[in-house]
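Participant: structure, please.
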Amino acid sequence: MKHVFPLCLSMRTCLLLLFVACAPLAFGQTPAPSPPGFQSLLTGYYEDFLKLNPTTASVMGDYRYNDQLGNPFSQTYRDQMKRLYTRYLDGLKAYDENQLGERDKLNCQIFRYDLTTKLAAMEFPAHLTPMNQMWDFQSNFSLLGSGASVHPFKSVKDYNDFLKRINGFVALTDTAIANMRTGMAQNYMQPKVVIAKVLPQIKAMLVDDVTKSVFYKPVQTIPATFSAEDKQRLTTAYTTAITQQIIPAYRRLYTFLQNEYLPRCRETVGLDAIPNGKAQYAYLVKSWTTTNMTPDEVHTLGLSEVKRIRQAIEGIRQQVGFTGDLKAFFAYLNTDPKFFPYKTDEAVLAGFQTIYQTMKPQLPSLFNMVPITAFEIRPIEKYLAASSAAHYMRGTPDGSRPGVFYFPVLDATKFSYWDMEDLFLHEAIPGHHYQISLQNENTALPAFQKIGSYGAYIEGWGLYAESLGKALGLYTDPFQMLGYYVGEMHRAIRLVVDTGIHQKGWTREQAIQYSLANEPVREADAIQEIERYIAMPGQAVSYKIGELKIRTLRQKAEKALGTRFDIRSFHDQVLKDGAMPLAIFETKMDSWIKSQ
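Facilitator: Sure, this is the predicted structure:
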């Protein structure tokens, strides 16, 4: 099965940003002193946010709250977050933006925007639909407890901490069930197709043999340095917790979804079918793109991009001498044995390692700034591979956790080679690993900016990174170049089908057929992708919007600077100030071009 396309799973919260202008700091420029209390305000928010969001702290490598899980579905949590946003928004009123230095002005504007739009997001009852097959609390928790995610299992304290997090999971599960019952009463529910894909994930947790549970893996890897007493105590404690807390919680969830929720789920797939759904989708589109684009404008742009990229794919078809039409060419790409050279999962992993080693020597020609965060390549756990996309999980600058490029393999013999380079460039290097790691390592950025998610910038950089393949020694045959065009086409299709589903009343089948007509994707993969857009409205449109902005700004810089244009300096400017909304990013880059 051809792998599905990238999804940056480390970026999940939708944060709209104020569209404000601000000039960037040049390299080496000393920022103006902050007014009294301003930096404390920003730091205080970050600290208060982490206290209420302990798993976010774990993601950031801050393990002070590793014995807590948090319950974002509870009314108590929602009330606490609303008070937090309101209090800090009021705190910003003490500062006049015109009296701030340029970096502080940028901080102030982004901070105000984040707080304002987070408050606006709370007007939509997304907590009543807490589950989907792509990324939800139950799958997150299984990764957390497997030892393959952000909760470390290195010390006795780490093991004790997770035992306490199990208590949090039980409460979280019961709250989610209660919320879904409330959603049923309000006709605010997930599509049936979404929950049908969640059920197998939960069923995989219902093991009879505790040693087969993913939550038992840390027991099997207890460090040898632990005392015999601790080993025995932890083995007993984890066995008890798995059998008496975790599995019963998963079973309650499964029974509820199977018997009570699924039969009542809606047959429609678009967000516009639920109460106030069109307004919620318009918000999500603005949030993910960090623009004022409407869903209709995104749809129109998508149609134009699909037409343009389709011509490029036709060019590759002619270049390789394929005489059939595009539909036949797509079938050829999905069936000819030469495109599927792998026999084992290990061979696929080795293929990605080879890509990395091939492009590694060329990176200095494009980048001055290189992250210090370690990097690894790993396959996704088999029980999640069927419904998970390739993705990147951020690491920590202190070396305690590497950044990881994860990829799914269901059947290695059906894993095509021609789009692996494109995928690696986006999800790994120089895509998400470079952008996210450089941001994490940048001590000049306020911490609150590092926990934000500016989808168009982040995914736009990932898609832009795919265009760097030739300069990095990749895309050396026409089919690998085709992989780039297909990757670009895939993101253009998203503009059309995501808005089609949630704004224009498209059916699931209509969206699937549009995908099959415009890219060489197997029907099973097209279904998986379309169901992702059904489950996560708006997220998928961010890629192309951001990528087009970066490419436009590069073209502007090349035209303005001529022979003085330095691609490394351009990339430095794109990455050095962290993720931000596109309007702020554009103003920053325009200022840099003028300064050159």
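Participant: contacts and neighbour counts: CA atoms only from here.
Facilitator: Will do.
Participant: does Asp345 touch Lys414 like I think?
Facilitator: No. With contact defined as CA atoms under 8 Å, Asp345 does not reach Lys414; the gap is 10.7 Å.
Participant: on the three-state scheme, Glu376 is what?
Facilitator: Judged by DSSP: H, G, I helix; E, B strand; the rest coil, the three-state class of Glu376 is strand.
Participant: and it, how many neighbours does it have?
Facilitator: Glu376 has 16 neighbours, counted by other CA atoms under 10 Å.
Participant: how about the nearest residue to it once chain neighbours are set aside, what does it touch?
Facilitator: Computed as CA to CA, 6 or more residues apart in numbering, the closest residue to Glu376 that is not its neighbour in sequence is Val404, at 4.8 Å. Contact analysis of Val404 by CA atoms under 8 Å, 6 or more residues apart in numbering lists 375-378, 392-395, 428.
Participant: doesn't Val404 belong to a helix?
Facilitator: No. Assessed with three-state DSSP, Val404 is strand; it does not lie in a helix.
Participant: can you tell me how far it sits from Ile429?
Facilitator: Val404 sits 11 Å away from Ile429, taking CA to CA, to the nearest Å as the criterion.
Participant: repeat that for Arg251.
Facilitator: Distance from Arg251 to Ile429, counting by CA to CA: 40 Å.
Participant: what about these two, which has more around it?
Facilitator: Neighbours of Arg251 and Ile429, each counted by other CA under 10 Å, are more numerous for Ile429; the result is 21 against 16.
Participant: you'd agree the more buried one is in a helix?
Facilitator: No. Judged by three-state DSSP, Ile429 forms no part of a helix; its state is coil.
Participant: quick one on the thing from earlier: who wins for most neighbours among the contacts of Val404?
Facilitator: Arg394 (28 neighbours).
Participant: find the nearest non-adjacent residue to that one, please.
Facilitator: Closest residue in space to Arg394, ignoring its immediate chain neighbours: Gly403 at 4.6 Å, by CA to CA, 6+ apart.
Participant: contacts only, for that neighbour.
Facilitator: Gly403 makes contact with 373-376, 392-396, 433, 437 under the criterion CA under 8 Å, 6+ apart.
Participant: can you do 10 Å?
Facilitator: Taking CA atoms under 10 Å, 6 or more residues apart in numbering, we find Gly403 in contact with 373-377, 392-397, 428, 432-434, 436-437.
Participant: repeat that for Gly399.
Facilitator: For Gly399, the contact set (CA under 10 Å, 6+ apart) comprises 61, 372-375.
Participant: which SS class is Tyr392?
Facilitator: Recorded secondary structure, Tyr392: strand (three-state DSSP).
Participant: from Gly460, how far off is it?
Facilitator: The spacing between Tyr392 and Gly460, counted by CA to CA, is 15 Å.
Participant: buried among the contacts of Gly399? Need that as a selection in ChimeraX.
Facilitator: Typed into ChimeraX, the line below selects the buried ones among these, using 16 or more other CA atoms under 10 Å:
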select :61,373,374,375
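Participant: so which of the contacts of Gly399 comes closest to Leu284?
Facilitator: Gly61 (28.4 Å; CA to CA).
Participant: what helices and strands are in contact with the longest helix anywhere in the chain?
Facilitator: Ranked by residue count and defined by DSSP state H, the top helix of the chain is helix 156-185. When contacts are defined as 3 or more CA pairs under 10 Å, 6 or more residues apart in numbering; DSSP states H and E, helix 156-185 packs onto helix 137-146, helix 228-241, helix 247-255.
Participant: related to what we said a few turns ago, can you list the contacts of Gly399 in CSV and add distance to Thr268 and pLDDT?
Facilitator: Output for the contacts of Gly399, formatted as CSV (distance: CA to CA, whole Å; pLDDT from 0 to 100):
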residue, distance to Thr268, pLDDT
Gly61, 40, 88
Ile372, 47, 94
Thr373, 44, 94
Ala374, 44, 93
Phe375, 41, 95
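Participant: of the contacts of Gly399, just say which sits nearest to Ala540.
Facilitator: Phe375 (25.3 Å).
Participant: how about the closest one, what does it touch?
Facilitator: Taking CA under 10 Å, 6+ apart, we find Phe375 in contact with 393-395, 399, 401-405, 428-429, 433-434, 437.
Participant: would you format those residues as TSV with distance to Asp325 and pLDDT included?
Facilitator: Shown next, in TSV, are the contacts of Phe375 (distance: CA to CA, whole Å; pLDDT from 0 to 100):
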residue	distance to Asp325	pLDDT
Met393	39	90
Arg394	42	88
Gly395	45	90
Gly399	51	79
Arg401	48	86
Pro402	45	93
Gly403	42	94
Val404	39	95
Phe405	35	95
Ala428	34	97
Ile429	34	97
His433	38	97
Tyr434	39	97
Ser437	43	95
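Participant: tell me the one among the residues you listed nearest to Ile593.
Facilitator: Tyr434 (22.5 Å).
Participant: who's in contact with the closest residue in space to the closest one that isn't next to it in sequence?
Facilitator: The spatially closest residue to Tyr434, leaving aside those adjacent along the chain, is Pro371, at 6.1 Å (CA to CA, 6+ apart). For Pro371, the contact set (CA under 10 Å, 6+ apart) comprises 397, 433-442.
Participant: buried ones in the helix-or-strand element of the chain with minimal mean pLDDT?
Facilitator: Within the chain, confidence by mean pLDDT, DSSP states H and E is lowest for helix 382-385 among all helices and strands, at a mean of 74. Along helix 382-385, these residues count as buried under the neighbour rule (16+ other CA under 10 Å): 383-385.
Participant: what does stretch 44-61 give?
Facilitator: Buried-residue list, stretch 44-61, by 16+ other CA under 10 Å: 45-46, 49-61.
Participant: again, but for stretch 89-102
Facilitator: In stretch 89-102, the ones that count as buried by 16+ other CA under 10 Å are 89, 92, 97, 100-102.
Participant: cool, stretch 124-143 as well?
Facilitator: Applying 16+ other CA under 10 Å to stretch 124-143 flags 125-135, 137-139, 141-143 as buried.
Participant: from the chain's centroid, how far away is it?
Facilitator: Put simply, stretch 124-143 sits 14 Å off its chain's centre (CA atoms, centre = their mean, to the nearest Å).
Participant: run through the strands of the protein in chain order.
Facilitator: Along the chain, the segments classed as strands by DSSP state E run 375-379, 391-393, 403-407.
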